[in-house]
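Engineer: Here is my input, please return the structure:
(one chain, ligands or ions: 2)
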Amino acid sequence: MLHYDLFIVVAKLRKKLDLINKMYKNVSQSKKNNSMMIILVSFSLYLQQRTKMILNMDKKIAFVTGATSGIGAACAIRFAKGGYDLVITGRDQNRLDAVKKAAEEAGAEVEALNFDVRDRSACQLAVNRLQGRWCYIDVLINNAGLALGLEKEYEGDFEDWDTMIDTNIKGLLTMTRLIVPTMVERNKGHVINIGSVAGDAAYANGNVYCATKAAVKAITDGLRIDLSDTAVRVTNVKPGLVETNFSVTRFHGDEDRASKVYKGIKPLTGEDIADVAFYAASAPEHVQIAEVLVLATHQASGSVIHRE
Ligand code: NDP
Ligand code: 8X3
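Structural biologist: Numbering: from 1, shown residues only. Ligands and ions are numbered 1, 2, ... in the order given. This is a model prediction of the structure:
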């Protein structure tokens with residue numbers, strides 16, 4: 001990469017000098033000197049910028065989907081504090097801007113991409129928009145996801161089912177398909193999928209959401225098998241109760257109902273999960289944290305929760 005970048009710089013310099021010679025063939029010497037000075041100053045600024053970019057190439061890049069809230073936002077800040085630059089994605093421009101600002105304050109350079117992971121061509125366009133070093137993602141955190149509804153399977157809402165399946169399964173697959181090939185090319189990288197305790201066993205009324213997270217487990221295990229002849233690592237982080245916007249979304253904006261989910265128990269925070277993801281990404285290269293189930297101390301499984 002370094003050689004390639006230097007090659008581009010030299011080629012651009014030669015092209016610029018050729019152009020200058022052509023443009024100023026018939027101009028007086030003093031005008032030529034002034035113009036030459038301006039061009040040299042501009043070019044030295046360009047070189048400074050380019051050198052900064054080349055030096056920055058050692059900084060790793062984490063790509064976090066659904067970074068506008070909860071676990072995704074916490075991962076963005078944790079990885080920024082841990083020395084990564086970031087690509088963050090989400091659908092809400094204001095919240096995306098706020099997380100970008102916070103991550104920049106924590107020391108990261110940040111590319112913010114606004115798109116819906118259910119829209120495959122928007123995903124493709126967003127990834128294609130990344131240029132230079134931003135094409136080389138070191139850690140992909142497939143976090144964008146949601147639960148909608150908590151009803152008996154035979155009373156569930158078709159639209160809620162489609163949204164969960166399209167986001168939690170198909171969106172995660174799309175991002176994996178778009179980003180992992182460059183990891184394979186470089187024989188380097190890490191995919192961290194945010195699964196759930198809900199994927200280990202279904203709980204009452206969890207049906208389709210639990211199924212999407214069981215699918216995340218199978219997809220993560222499948223990817224790990226398919227990448228076992230490479231140095232790319234694959235991790236499934238499976239949280240239990242984490243207090244984020246998750247339950248407000250699940251209950252379609254009913255905040256009272258959402259707050260009851262965390263009553264009588266100290267739930268996990270987005271930061272707790274971000275710490276686990278960062279730990280997995282920071283393990284020595286020969287260590288692959290395949291799966292981590294992270295529960296609040298008084299939660300024993302998807303359906304066993306001790307409340308005060
Ligand atoms: P939040 O609701 O706080 O965050 C969800 C994030 O996903 C938001 O940034 C949201 O963006 C984004 N998102 C949802 N749908 C889409 C979409 N179609 N395209 C792009 N982004 C989207 O919840 P959490 O932080 O808790 O959830 C993050 C992940 O963690 C999910 O996969 C969830 O299933 C999983 N999880 C959560 C647990 C919990 O108890 N909270 C436990 C176990 C797993 P927007 O605001 O635009 O909707
Ligand atoms: C989110 C955790 O238990 O609410 O995946 O399904 S739970």
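
Engineer: what does the stretch 151-300 of the chain put close to ligand 1?
Structural biologist: Proximity of the stretch 151-300 of the chain to ligand 1, by Cβ under 6 Å from any ligand atom, involves residues T167, G171, I194, S196, P239, L241, V242, T244, N245, F246, T249, G270. The C-beta positions use only the backbone N, C-alpha and C, and glycine is treated the same way.

Engineer: need the contact list for the third one.
Structural biologist: Residues near I194 by Cβ atoms under 8 Å, 6 or more residues apart in numbering: I71, I141, N142, N143, G145, V216, V237, P239, I273, A277.

Engineer: Most proximal residue of this structure with respect to ligand 2?
Structural biologist: S196 (3.2 Å; Cβ to the nearest ligand atom).

Engineer: in this structure, which spans are strands?
Structural biologist: Here the chain has its strands, by DSSP state E, at 61-64, 85-90, 110-114, 139-142, 190-194, 233-239, 291-294.

Engineer: Mind listing what's buried along stretch 254-261?
Structural biologist: Using 16 or more other Cβ atoms under 10 Å as the test for burial, stretch 254-261 gives A258, V261.

Engineer: quick check, it touching ligand 2?
Structural biologist: No - applying Cβ under 6 Å from any ligand atom, one finds stretch 254-261 separated from ligand 2 by no less than 7.0 Å.

Engineer: can you list contacts of that stretch?
Structural biologist: Applying Cβ under 8 Å, 6+ apart, the set of residues contacting stretch 254-261 is L241, S247, V248, R250, F251.

Engineer: So which of the residues you listed reach ligand 2?
Structural biologist: Counting by Cβ under 6 Å from any ligand atom, the members of the contacts of stretch 254-261 near ligand 2 are L241.

Engineer: and the gap between S196 and A108?
Structural biologist: Distance, S196 to A108, using Cβ to Cβ, to the nearest Å: 27 Å.

Engineer: what's the answer for K260, then?
Structural biologist: Distance from K260 to A108, by Cβ to Cβ: 36 Å.

Engineer: residue nearest the centroid of this structure?
Structural biologist: V64 (1.4 Å; Cα atoms, centre = their mean).

Engineer: Excluding sequence neighbours, find me the nearest residue to that residue.
Structural biologist: Of all residues not flanking V64 in the chain, I141 sits nearest, at 4.5 Å (Cβ to Cβ, 6 or more residues apart in numbering).

Engineer: again, but for R95
Structural biologist: Nearest non-adjacent residue to R95 (Cβ to Cβ, 6+ apart): T68, at 3.8 Å.

Engineer: Identify the residues contacting that neighbour.
Structural biologist: T68 neighbours (Cβ under 8 Å, 6+ apart): I88, G90, R91, D92, R95, L96, V99.

Engineer: How about stretch 269-286 and ligand 2, any contact?
Structural biologist: No - judged by Cβ under 6 Å from any ligand atom, stretch 269-286 stays clear of ligand 2, getting no closer than 10.6 Å.

Engineer: from the contacts of stretch 254-261, which would you call buried?
Structural biologist: L241, S247, V248, R250, F251.

Engineer: What separation do you get for the last one and T244?
Structural biologist: Same thing as F251. Distance of F251 to T244, computed by Cβ to Cβ: 13 Å.

Engineer: go on, the fourth one?
Structural biologist: Here R250 is placed at a distance of 11 Å from T244 (Cβ to Cβ).

Engineer: List the contacts of stretch 297-308.
Structural biologist: 197-198, 200-204, 206, 210, 240-241, 263-266, 295-296.

Engineer: End to end on it, go ahead and measure it.
Structural biologist: 13 Å (Cα to Cα, to the nearest Å).

Engineer: So which bits of it are buried?
Structural biologist: Going by 16+ other Cβ under 10 Å, stretch 297-308 has these buried residues: H298, Q299, G302, I305.

Engineer: Could I get these in JSON lines, plus columns for distance to ligand 2?
Structural biologist: Output for the buried residues of stretch 297-308, formatted as JSON lines (distance: Cβ to the nearest ligand atom, whole Å):
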{"residue": "H298", "distance to ligand 2": "13"}
{"residue": "Q299", "distance to ligand 2": "8"}
{"residue": "G302", "distance to ligand 2": "5"}
{"residue": "I305", "distance to ligand 2": "9"}
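
Engineer: ok, which pair from the residues you listed is furthest apart?
Structural biologist: H298 and G302 (13.7 Å; Cβ to Cβ).

Engineer: In the stretch 201-308 of the chain, what residue spans correspond to helices?
Structural biologist: Ranges of helices in the stretch 201-308 of the chain, per DSSP state H, counting those that start in this stretch, are 207-226, 246-250, 255-260, 270-282.
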